[in-house]
Structure formats: C-alpha cells, structure tokens
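Student: kindly return the folded structure for what I paste below:
(one chain, ligands or ions: 1)
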Amino acid sequence: MTTLEPFGARLRRAMDERGPLCVGIDPHASLLADWGLNDDVAGLARFTRTVVEALADRVAVLKPQSAFFERFGSRGLAVLETAVVEARERGALVLMDAKRGDIGSTMAAYAATYLDPASPLFSDAVTVSPFLGYGALRPAVDLARENGCGLFTLALTSNTEGQEVQRAVRADGSTVAATMLGHLAAENAGAEPLGSFGAVVGATLGDLSAFDLAINGPLLAPGIGAQGATPADLPAVFGDAVRNVVPSVSRGVLRHGPDPEALLTAAARFADEVRKAVDQPGL
Ligand SMILES: O=C(O)c1cc(=O)[nH]c(=O)n1[C@@H]1O[C@H](COP(=O)(O)O)[C@@H](O)[C@H]1O
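Tutor: You can find the predicted model right below:
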C-alpha cells in the first residue's frame with residue numbers, strides 16, 4: 001500500500017482547488033423523515049449515498065458523523081464503510097467525526113480503526129477529544145503521521161456548555177483550550193504548506209483574539225447554519241488564522257435534500273459566502 005502524502009498538504013491542495021468548505025453527513029431521524037425516507041438502514045443508506053454522489057466530487061471535505069450510523073448497529077456501520085470508500089474515490093477528503101478520546105492503550109485501538117489503511121473505516125482524518133489529557137492521544141498522533149492522516153482535536157467547541165472545561169484556567173494561568181492549541185502548534189512545527197494536526201474551533205464563539213490560533217494547522221469551524229453562525233462571521237472570529245479555516249456545515253446543507261442539485265446548490269452558496277468572507281476559492 002502506498003503511503004499518502006501528509007494530510008495537511010493534501011488538505012491545503014483540496015482547499016485551494018475546491019474551496020475550504022466541509023459538509024457534514026449527519027443523518028438525523030428528522031432529516032430522514034423530511035426526505036421521505038424511513039428511519040431504518042435502507043433510509044440511512046439512501047440518504048448517505050445521495051449526499052456522497054451529490055457532493056464528493058465538489059467539496060474539499062466530507063465529514064460523516066459516526067453517531068448517526070452507529071445507532072443502527074453493525075448494518076449502520078456497513079453504510080458508513082461504503083460511504084467512506086465512495087467519498088474518497090470521488091475525490092473528497094473524509095474526516096470521520098467520531099470524537100474519540102481514551103487512555104493511550106485504548107486510543108491505539110481507536111487510531112487503528114480510523115487511521116490504519118487496512119481498516120474498513122480508514123479515513124483521511126478523525127476528530128478526537130483531548131480531555132483525558134493531550135498525551136493520551138499520542139498513539140493516534142503517531143499513526144496519523146505514519147499513514148499521512150490528520151487529527152482534529154477539540155479545543156473550543158461550538159456549544160456553550162464546552163466553556164466550563166475548555167476555558168478553565170490551569171495552575172500556570174493558561175486555559176485548557178490554549179494548552180491544547182499549544183500542543184497542536186508543537187505537532188505542526190515546521191510543516192509545509194500546512195500541518196496535519198488541526199483544532200476544532202466553533203464558528204459560533206465570537207471574538208477569539210484571546211487565543212493564539214496560529215497553530216500552522218487547519219481549524220475546523222463547525223456551527224455554521226443550524227447553530228447560527230454564518231460565513232460572514234469567520235474573519236471576526238478567526239482573525240489572521242482565517243486562511244486555515246475549514247468551515248463546516250451539516251444541517252444547513254442537508255435540509256435542502258433529497259434533490260442532489262438542491263444539495264449542491266446549497267453547498268455552493270455556503271462556499272461562495274465563505275469565499276467572499278475569507279477571499280478563498282469557491283466550489
Ligand atoms: O467536531 C465537530 O465536527 C463538532 C465540533 C463542535 O464543536 N461542534 C459541532 O457541532 N461539531 C459537529 O458538527 C456538526 C454540526 O452540525 P450542524 O449543526 O447540523 O451543522 C455535528 O456533527 C456536530 O457533532
């Protein structure tokens with residue numbers, strides 16, 4: 001198996017060619033109903049295939065939310081496996097949104113699930129939670145490096161509840177979030193054109209100038225659309241780091257289905273708004 005080019009380089013190229021938008025694949029039961037589909041594995045498969053076929057050859061990143069597949073058990077995971085393979089074949093980078101985080105020895109198994117090319121769920125990158133300690137993520141960091149994959153570590157999440165943990169002040173006076181950003185900057189030191197170790201930083205959070213977002217890695221910015229943020233908010237939230245932002249939308253695009261053209265139009269509209277806001281290419 002050929003080793004992939006580092007994820008950061010692959011992502012930068014995809015952002016340059018396709019624009020930086022990430023579309024999330026979140027098959028909520030309510031969306032399946034809105035699309036006239038049953039809340040069962042056949043409905044899940046139809047929904048997922050529609051999104052992949054509509055968008056995988058146009059957007060830089062597709063981000064399946066694993067929870068919506070796991071709720072159907074092994075047959076849901078089989079749908080997810082197919083989606084990952086098809087999306088990658090059509091040229092999208094797949095960011096598995098699994099938000100895994102555990103003690104190091106267990107983390108190694110999560111890493112093998114998403115970052116080992118031999119795994120049926122092998123993805124370009126995965127979201128991880130550092131709240132058992134950043135060091136516990138080491139097996140995932142190492143395997144990502146080995147296989148040309150990326151990690152997106154939660155730093156400042158889009159939901160207000162996250163603040164009690166992420167903005168907590170440590171004994172040395174730094175916040176937990178700033179500490180995570182510091183770890184990521186260290187992982188990405190010297191990487192060109194972009195490091196492979198991203199942070200998740202919500203687009204909903206307002207001015208973040210108190211945080212050093214210059215981690216030389218991508219900043220996944222969920223919260224656009226259904227959670228209320230808009231592409232126009234990005235420069236004020238991210239400042240100079242906006243060039244490395246991967247804005248992420250799930251329901252804001254998915255609610256336009258099941259017509260594939262309508263999905264693509266919705267994604268293109270978000271991409272266009274992003275391009276106007278941050279001066280990067282559209283779809
Ligand atoms: O890691 C994520 O993607 C994520 C981090 C975060 O801080 N907030 C957040 O909403 N997300 C995910 O992004 C998606 C947001 O979906 P929409 O609100 O429908 O656009 C969901 O799959 C969330 O799990």
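
Student: and Ala155, what element?
Tutor: strand 150-156 (DSSP states H and E).

Student: helix or strand right after that strand?
Tutor: Assigned by DSSP H and E, the successor of strand 150-156 is helix 163-166.

Student: quick one: that next one to chain centroid distance?
Tutor: 20 Å (CA atoms, centre = their mean, to the nearest Å).

Student: returning to that earlier point: mean confidence for the strand holding Ala155?
Tutor: Regarding strand 150-156, the rounded mean pLDDT is 98.

Student: so how far is that strand off the chain centroid?
Tutor: For strand 150-156, the distance to the chain centre is 8 Å (CA atoms, centre = their mean).

Student: with the ligand in mind, check whether that strand reaches it.
Tutor: No - judged by CB under 6 Å from any ligand atom, strand 150-156 and the ligand are separated, with a smallest distance of 6.5 Å. (C-beta placed from N, C-alpha, C; glycine too.)

Student: for that strand, name the packing helices and strands.
Tutor: helix 7-18, strand 93-100, strand 125-128, helix 138-147, helix 163-166, helix 176-187, strand 197-201 (3 or more CB pairs under 8 Å, 6 or more residues apart in numbering; DSSP states H and E).

Student: count of residues packed around the residue in the stretch 51-200 of the chain that the ligand sits nearest to?
Tutor: Here the residue of the stretch 51-200 of the chain nearest the ligand is Thr157; by CB to the nearest ligand atom that distance is 3.1 Å. Using other CB atoms under 10 Å, Thr157 is surrounded by 21 other residues.

Student: in contact with it, which residues?
Tutor: Going by CB atoms under 8 Å, 6 or more residues apart in numbering, Thr157 touches 166, 200, 202.

Student: these also near the ligand: which ones?
Tutor: Within these, those near the ligand by CB under 6 Å from any ligand atom are 200, 202.

Student: can I get the contacts of Thr157 in a markdown table with pLDDT and distance to Asp40?
Tutor: Output for the contacts of Thr157, formatted as a markdown table (pLDDT from 0 to 100; distance: CB to CB, whole Å):
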| residue | pLDDT | distance to Asp40 |
| --- | --- | --- |
| Gln166 | 98 | 37 |
| Val200 | 98 | 31 |
| Gly202 | 98 | 32 |
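
Student: okay if I get the contacts of Thr157 as CSV plus neighbour count and distance to Gly36?
Tutor: CSV is the format used below for these (neighbours: other CB atoms under 10 Å; distance: CB to CB, whole Å):
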residue, neighbour count, distance to Gly36
Gln166, 23, 39
Val200, 26, 33
Gly202, 25, 32
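
Student: for the contacts of Thr157, which one is nearest Ala42?
Tutor: Val200 (32.0 Å; CB to CB).

Student: coming back round to it: gap between the residue of the stretch 51-200 of the chain closest to the ligand and Asp272?
Tutor: 26 Å (CB to CB, to the nearest Å).

Student: before we move on, what about Gln166?
Tutor: 31 Å.

Student: which outside residues touch stretch 262-272?
Tutor: Residues contacting stretch 262-272 (CB under 8 Å, 6+ apart): 19, 21, 23, 50-51, 54-55, 58-59, 224-225, 231, 247, 249, 252-257, 282-283.

Student: try 10 Å
Tutor: Residues from elsewhere that reach stretch 262-272 (CB atoms under 10 Å, 6 or more residues apart in numbering): 18-23, 50-51, 53-55, 57-60, 224-225, 230-231, 247-249, 252-257, 259, 280-283.

Student: then it to CSV, C-alphas only?
Tutor: The C-alpha coordinates for stretch 262-272 follow below in CSV (Å, rounded to 0.1, in the frame of the first residue of the first chain):
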residue,chain,number,x,y,z
ALA,A,262,-30.5,21.4,-4.4
LEU,A,263,-27.9,19.9,-2.1
LEU,A,264,-25.1,21.0,-4.5
THR,A,265,-26.7,24.5,-4.8
ALA,A,266,-26.9,24.9,-1.1
ALA,A,267,-23.2,23.8,-0.6
ALA,A,268,-22.1,26.1,-3.4
ARG,A,269,-24.0,29.0,-1.8
PHE,A,270,-22.2,28.4,1.5
ALA,A,271,-18.9,28.0,-0.4
ASP,A,272,-19.5,31.3,-2.2
